[in-house]
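Attaching a predicted model along with its sequence, questions to come.
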Amino acid sequence: MTPQPTDSPAQASSLTEVEPYGVERIPDEERTASPSDLFRVAFGGANAFSTCVLGAFPVLFGLSFWQGLAATVLGVLAGALILCPMAVFGPVNGTNNAVSSSAHLGVHGRVVGSFLSLLTAVAFFSISVWSSGDALVGGAHRLFGLSRGPLSYVVAYALFAGLVLAVCVYGFRFMLFVNKIAVTSATALFLLGAVAFAGDFDPSYAGSFTASADAATQAMFWPSFIGAALIVLSNPVSFGAFLGDWSRYIPANAPRRRVVGAAFLSQVATLLPFVFGLATASIIATKAPKYVDPAAPDFVGGLLAISPSWFFLPVCLLALIGGMSTGTTALYGTGLDFSSVFPRLSRVRATLLVGVVSIAFIFVGRFALDLVRSISTFATVIITCTTPWMVVMILGFFTRRGWYDPDALQVFNRRQRGGRYWFAHGWNWRGMTAWWVSAVLGVLCTDIPGQFVGPLGGLANGVDISLPLSLAVAAVLYLSLLWLFPEPRAAYGPEGARWVRTKEAPVPPITGAAEHPALTDALR
């Protein structure tokens, strides 16, 4: 049986200590987390107010409640299925997924994962601060008459972002503690919200695509449906670069089906905040339609406008607790990873740097740009760039039979050269080509009505085909390249390759900077 992370006094005391580990392999004796802990962190990171905001997008796109529910379920299930295999890399390698990607993209190619984690962290940290800050200011306005001017929002965003940064600096144990509280309390508040809005909710909300709608409006149904599903799908997919940050604390001998199952169920459980956002958005569209005007939507303002007075305080608590959970899960992993990309930065300094960049984006996006367009565009880029990378990782895991060389994975972090995953000067052009071709093609073919349309977005008469196209291209191209241009036999385990050919080639010796205490300290 896997021991629980809070069983020993040493682990309990570590809650108030700054986490010492960077992206080096976690020692076996420290890997005491369980699949249920992975569920709590992943679900806690999405069981938040920011997910409600994403859940409102089907209504903003003109869908009825039932149409929006279908798009939401489709997005969540598809995203969960794509995401869940990414959980196995952490227990197998004891490090994060960007480092594990060295095996498939090369020692230097692993920076692709770092770039994707930065993109995701900025987007979802921003969404959590925006939505939670708006809810706190709006709730304080209704409860205490606080002004809703720009200064109030600036202060709320800055304070909230500072709290999230503090948790990330302390590290995994503190983040796990916050998420344990968040999962229970946020779930209770969402259920309380169901009681608060039960009398106003009408599942027959029709949306824009009714039988009486004109032909031009009817023609936008499928583009809007697919676009809404993709916005929802971006939430589970966004965890792809981060799952290893948390699952690396799970022992290597933990059953893989339990690890994968925990990741899958953590996203299925997010139907709670998604449906809450969808249902309340349909109420807002009926009772306070100005708040869902596509030209200037304001879900948080609309929610407060339709809330009974006794629910104002729970809204503020939900914004605080859920936002803390989402913000920490988004920001923690990127700070961790960038401490290895830039060795002069410790994990703490890298976390602070990424946090400052994210906060700058928050203020620019909130006060200088179209907020909804910023969210939907970022979500679109995350899907189209991250999903092909995940396909390469998952197929690579399958062809390698789940075997990796932990020492060779750390070559980049130790500023060395050579090893099993050196390939061509540190780049595995097979995985890199499959990733960038499919990602670029996905961006070019994106078509989200009124939000983001790529140059080739009109190929399917307004229907967004970017995701299935990028998935298919990444899978076919990567396997084809592995077959046509075999990788060295040494990159595979003792049982050899599955589905693909290999070639005999010498393994370049690992040379360069040797690991020593000063370097170890720099990498932490």
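Perfect, thanks for sending it.

low pLDDT regions in the stretch 251-400 of the chain?
Within the stretch 251-400 of the chain, the stretches falling below the threshold (pLDDT under 70) are 333, 336-337, 339-340, 343, 365, 368-376, 379.

Excluding chain neighbours, what is closest to the residue most central in space within the chain?
Central residue check for the chain by CA atoms, centre = their mean: the C-alpha nearest the mean position is that of residue 238, 2.4 Å away. Nearest residue to residue 238 in three dimensions, chain neighbours excluded: residue 120, at 4.8 Å (CB to CB, 6 or more residues apart in numbering). Every residue, glycine included, has its C-beta placed from N, CA and C.

tell me the secondary structure for that neighbour?
helix (DSSP: H, G, I helix; E, B strand; the rest coil).

returning to what we had before: distance check, the residue nearest to the centre of the chain against residue 329.
Distance of residue 238 to residue 329, given as CB to CB, to the nearest Å: 10 Å.

Kindly tell me how buried residue 130 is, as a neighbour count.
Residue crowding around residue 130 was assessed by other CB atoms under 10 Å; the count is 24.

Just the buried residues of whatever helix or strand it lives in, please?
When secondary structure is defined using DSSP states H and E, the element that contains residue 130 is helix 111-144. The neighbour-count check on helix 111-144 (16 or more other CB atoms under 10 Å) flags 111-142 as buried.

With stretch 37-48 instead?
Of the residues in stretch 37-48, those with enough neighbours to count as buried (16+ other CB under 10 Å) are 37-48.

Which residue, other than its chain neighbours, is closest to residue 366?
Counting by CB to CB, 6+ apart, the nearest residue to residue 366 once its immediate chain neighbours are dropped is residue 130, at 6.0 Å.

what does residue 455 give?
Skipping the residues right next to it in sequence, residue 455 comes nearest to residue 444 by CB to CB, 6+ apart, at 5.4 Å.

Pretty sure the one you found sits against residue 452.
No: when contacts are counted by CB atoms under 8 Å, residue 444 is not listed as touching residue 452 (11.5 Å).

For the two, indicate the residue with more neighbours.
residue 452 (20 against 16).

Tell me which stretches of the stretch 251-400 of the chain form strands.
Listed in chain order, the strands found in the stretch 251-400 of the chain under DSSP state E, counting those that start in this stretch amount to none.

can you pull out the helices in it?
Taking DSSP state H, counting those that start in this stretch, the helices of the stretch 251-400 of the chain run over residues 256-268, 271-287, 299-306, 312-341, 347-367, 371-399.

and after the helix holding residue 130, which helix or strand comes next?
For helix 111-144, the following helix or strand on the C-terminal side (DSSP H and E) is helix 150-170.

got the angle between the very next helix or strand once past that next one and helix 271-287?
Later in the chain than helix 150-170, the nearest helix or strand by DSSP H and E is helix 172-197. Counting by axes from the mean of the first three to the mean of the last three CA atoms, to 10 degrees, helix 172-197 points 40 degrees away from the direction of helix 271-287.

Helix 172-197 vs helix 256-268, what angle?
Using the same axes, to 10 degrees, the interaxial angle of helix 172-197 with respect to helix 256-268 works out to 40 degrees.

hey, C-alpha coordinates of the following helix or strand past helix 172-197 in CSV?
Counting by DSSP H and E, the next helix or strand C-terminal to helix 172-197 is helix 215-218. Taking C-alpha atoms only, helix 215-218 is exported to CSV below (Å, rounded to 0.1, in the frame of the first residue of the first chain):
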residue,chain,number,x,y,z
ALA,A,215,-30.4,31.3,-41.8
ALA,A,216,-27.1,33.2,-41.1
THR,A,217,-27.5,32.5,-37.4
GLN,A,218,-28.4,28.9,-37.9
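
any idea how far helix 215-218 is from the chain center?
When distances are taken as CA atoms, centre = their mean, to the nearest Å, helix 215-218 is centred 34 Å away from the chain's centroid.

Show residues contacting it.
By CB atoms under 8 Å, 6 or more residues apart in numbering, the surrounding residues in contact with helix 215-218 are 62, 208-209.

ok, now stretch 183-196?
By CB under 8 Å, 6+ apart, the surrounding residues in contact with stretch 183-196 are 40, 43-44, 47-48, 272-273, 276, 280, 307-308, 310-311, 314-315, 317-318, 321-322, 325.

I'd like to know how many residues surround residue 56.
If you count neighbours by other CB under 10 Å, residue 56 ends up with 31.

Please apply the same query to residue 269.
Taking other CB under 10 Å as the criterion, the count of residues near residue 269 is 20.

what's the spacing between it and residue 120?
When distance is defined by CB to CB, residue 269 is 20 Å away from residue 120.

got it, and residue 31?
25 Å.

can you check residue 453 too?
The separation that residue 453 has from residue 120, given CB to CB, amounts to 22 Å.

now swap in residue 360 and tell me
With distances taken as CB to CB, residue 360 is found 17 Å from residue 120.

Check the residue in the chain sticking out farthest from the centre and give its pLDDT.
Summary for the chain: using CA atoms, centre = their mean, the residue whose C-alpha lies farthest from the chain's mean C-alpha position is residue 212, with a distance of 39.1 Å. The score at residue 212 is 89. That number is its pLDDT.

now swap in the one 3 residues further on and tell me
At residue 215 the predicted local distance difference test score is 90.

how many neighbours does it have?
Taking other CB under 10 Å as the definition, residue 215 ends up with a neighbour count of 6.

Great, nothing more from me.
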